[in-house]
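Student: Have a look at this prediction, sequence included:
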Amino acid sequence: MKYRLYIFFNNWQEGYRFDDETNKPRTVKIVASLAAVCCLCLFVFFAFLNRHDVDIYVDGKNVATCKVPSQATVADVLMQAGTELSYNDGVYPALDSKIKNVSRVDIFRAREIAITYQGEVYLLSTSLAGYGALRQAGVYLGDSDSLSVNNDGTQFSVATEEKTEETQVIVLAHESQTKENNQEYKDYKKILTEGKDGSAVATVTTTYINGQAVKTEQLITEIISTPVTEVVEVGTKERPVIKPPNVTYASGGGAVSRSYIANVSAYCACPICCGIYSNGYTATGAKATQYVTIAAPRSIPFGTRIYIPYFKDAPNGGIFVVQDRGGAITNNRLDVYFDSHRAALNFGRKNLEVHILE
Ligand SMILES: [Zn+2]
């Protein structure tokens with residue numbers, strides 16, 4: 001091109017001075033030269049046309065728009081816009097990408113994040129989010145790990161889940177069943193079948209999250225002994241409400257503190273009734289006396305007077321003194337002392353209204 005232009009100028013000057021026999025070659029040269037100039041103009045014009053707008057976004061916000069030539073790179077655009085980058089900022093497309101087909105450049109500013117993983121805290125400056133940030137920190141999650149991120153995306157924590165499995169002998173707890181009996185009072189309770197725990201061989205799987213046991217599962221593989229269900233019989237009958245008698249008792253009466261229906265039996269001092277304790281003396285040391293001595297449960301202290309209206313015509317006017325105990329005398333039971341075994345047998349066993357005196 002330069003050579004041709006040189007020729008053109010030479011010829012142009014010389015052409016006027018030394019006119020050749022024909023104009024033809026000079027005309028060709030002039031046309032060629034004009035075309036060359038036009039080409040140059042077009043080239044510059046198209047180069048100018050090739051400039052286009054590129055938007056620059058920082059963290060999703062448009063901060064600048066630049067007009068740049070197509071052959072520029074992303075780095076050139078940022079330099080032209082005066083947009084500064086820190087070492088850990090992210091840029092898309094990459095800095096060395098040609099801007100030719102790009103109309104938007106995104107910058108993701110780096111932020112400080114903390115990743116808690118297996119008890120360690122990793123601090124990191126990154127423009128990446130989620131798993132990208134983890135990879136940058138060199139943290140790779142296992143299948144059973146789970147990631148949680150706080151609201152502003154700066155605190156990551158990875159929960160590591162582990163499972164252990166062992167074979168153990170486990171206890172199979174027995175169940176309990178209640179059988180109702182409408183012939184007995186509500187406070188009646190009797191164990192018909194003793195409950196018994198069983199045992200089994202089981203695979204016990206324990207799940208740990210960050211080293212803390214959170215779940216245990218048992219898979220029974222073999223039963224060693226089956227548990228026995230406890231069966232308890234309970235009474236359902238309402239205990240009748242007894243009005244305290246409005247009477248003055250023959251031998252030293254007193255106010256009534258408690259009234260109820262007691263299951264009253266009888267005994268004497270014989271070996272049949274008292275076994276090894278058949279010496280005629282009560283648990284208080286006092287001699288057992290008919291119409292005085294009564295055996296009561298431990299909940300009623302020695303010396304307590306008990307009025308039993310059934311005996312109101314007896315010499316004691318129905319008032320007994322607690323002087324004795326008995327292995328079988330529990331809860332609602334009382335045992336009245338008689339001088340003879342015959343008399344005790346005659347009395348038998350009765351549900352009687354009784355009043356504990358103060
Ligand atoms: Zn007896």
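Tutor: Structure's in. What do you need?
Student: Okay, strands next: where are they in the stretch 101-250 of the chain?
Tutor: In the stretch 101-250 of the chain, the segments counted as strands under DSSP state E, counting those that start in this stretch are 104-108, 111-117, 120-126, 146-149, 155-159, 161-172, 176-185, 189-193, 198-209, 212-225, 230-237.
Student: Please identify the pairing partners of the shortest one and their relative orientation?
Tutor: This means strand 146-149. Neighbouring strands of strand 146-149 in its sheet, by DSSP bridges, are strand 155-159 (antiparallel).
Student: Can you tell me the number of residues neighbouring whichever residue of the stretch 1-150 of the chain sits closest to the ion?
Tutor: Nearest residue of the stretch 1-150 of the chain to the ion, counting by C-beta to the ion: S144, 76.0 Å away. In this view, the C-beta of every residue, glycine as well, is placed from N, C-alpha and C. Residues lying near S144 (other C-beta atoms under 10 Å) number 12.
Student: One more: C66?
Tutor: When neighbours are defined as other C-beta under 10 Å, C66 has 21 of them.
Student: Where does it sit, in terms of helix or strand?
Tutor: strand 61-68 (DSSP states H and E).
Student: For K98, list the residues it contacts.
Tutor: K98 makes contacts with 70-73, as judged by C-beta atoms under 8 Å, 6 or more residues apart in numbering.
Student: still on that earlier bit, tell me the pLDDT at the residue lying closest to the residue of the stretch 1-150 of the chain closest to the ion once chain neighbours are set aside?
Tutor: Computed as C-beta to C-beta, 6 or more residues apart in numbering, the closest residue to S144 that is not its neighbour in sequence is E161, at 4.0 Å. The predicted structure scores E161 at 84 on the pLDDT scale.
Student: Bridge partners for whichever residue of the stretch 51-200 of the chain sits closest to the ion, pull those for me.
Tutor: Residue of the stretch 51-200 of the chain nearest the ion, by C-beta to the ion: K190 (26.0 Å). Beta-bridge pairing for K190 (DSSP bridges): E233.
Student: Pretty sure E233 is one of the things it touches, is it not?
Tutor: Yes - using C-beta atoms under 8 Å, K190 is in contact with E233, at 4.6 Å.
Student: ok so, going back, surely the residue of the stretch 1-150 of the chain closest to the ion is in contact with A159?
Tutor: No - at 9.1 Å, S144 and A159 do not qualify as touching, with contact defined as C-beta under 8 Å.
Student: what's near enough to touch T289?
Tutor: Y337.
Student: where does the residue most central in space within the chain land on pLDDT?
Tutor: The centroid of the chain falls nearest to V214 when counting by C-alpha atoms, centre = their mean (7.7 Å). Per-residue pLDDT puts V214 at 90.
Student: now the one 3 residues further on
Tutor: At E217, the pLDDT value in this model is 92.
Student: just D187 next, same as before
Tutor: 78.
Student: Likewise for the one 3 residues further on?
Tutor: Predicted confidence (pLDDT) at K190: the value is 90.
Student: The stretch 1-150 of the chain: helices as residue ranges?
Tutor: 2-17, 24-49, 74-81, 130-136 (DSSP state H, counting those that start in this stretch).
Student: for the protein, which spans come out with low pLDDT?
Tutor: Of all residues in the chain, those with pLDDT under 70 make up the ranges 1-25, 41, 43-49, 241-254.
Student: Give me the residues contacting stretch 191-200.
Tutor: With C-beta under 8 Å, 6+ apart, stretch 191-200 has contacts from 169-176, 179, 220-233.
Student: let's see 10 Å
Tutor: With C-beta atoms under 10 Å, 6 or more residues apart in numbering as the test, stretch 191-200 has contacts from 168-177, 179, 181, 218, 220-233.
Student: Just the buried positions in that stretch, please.
Tutor: 195, 200 (16 or more other C-beta atoms under 10 Å).
Student: what's around Q212, how many residues?
Tutor: Applying other C-beta under 10 Å, we find 8 residues neighbouring Q212.
Student: what sits against it?
Tutor: Contacts of Q212 by C-beta under 10 Å, 6+ apart are A159.
Student: what does the protein have sitting close to the ion?
Tutor: Residues of the chain lying close to the ion (C-beta under 5 Å from the ion) are 268, 270, 272-273, 341.
Student: quick one, domains of the chain?
Tutor: 2-49, 52-108, 111-159, 163-237, 256-357 (automatic domain parsing).
Student: of the residues of the chain next to the ion, buried ones?
Tutor: Among the residues of the chain next to the ion, those classed as buried by neighbour count (16+ other C-beta under 10 Å) are 268, 273, 341.
Student: For the first one, give me phi and psi.
Tutor: Per-residue torsions, C268: phi -130, psi -170 (degrees, to the nearest 10).
Student: which residues touch it?
Tutor: C268 neighbours (C-beta under 10 Å, 6+ apart): 274, 278, 280, 288, 290, 337-345.
Student: re the thing from before, touching, the residue nearest to the centre of the chain and T206? I think so.
Tutor: Yes - at 8.6 Å, V214 counts as touching T206 under the criterion of C-beta atoms under 10 Å.
Student: The helix or strand harbouring N263 - contacts with which helices or strands?
Tutor: In this structure, N263 is located in strand 256-267 according to DSSP H and E. Judged by 3 or more C-beta pairs under 10 Å, 6 or more residues apart in numbering; DSSP states H and E, strand 256-267 is in contact with strand 176-185, helix 271-274, strand 293-295, strand 305-307, strand 333-337, helix 341-347, strand 349-357.
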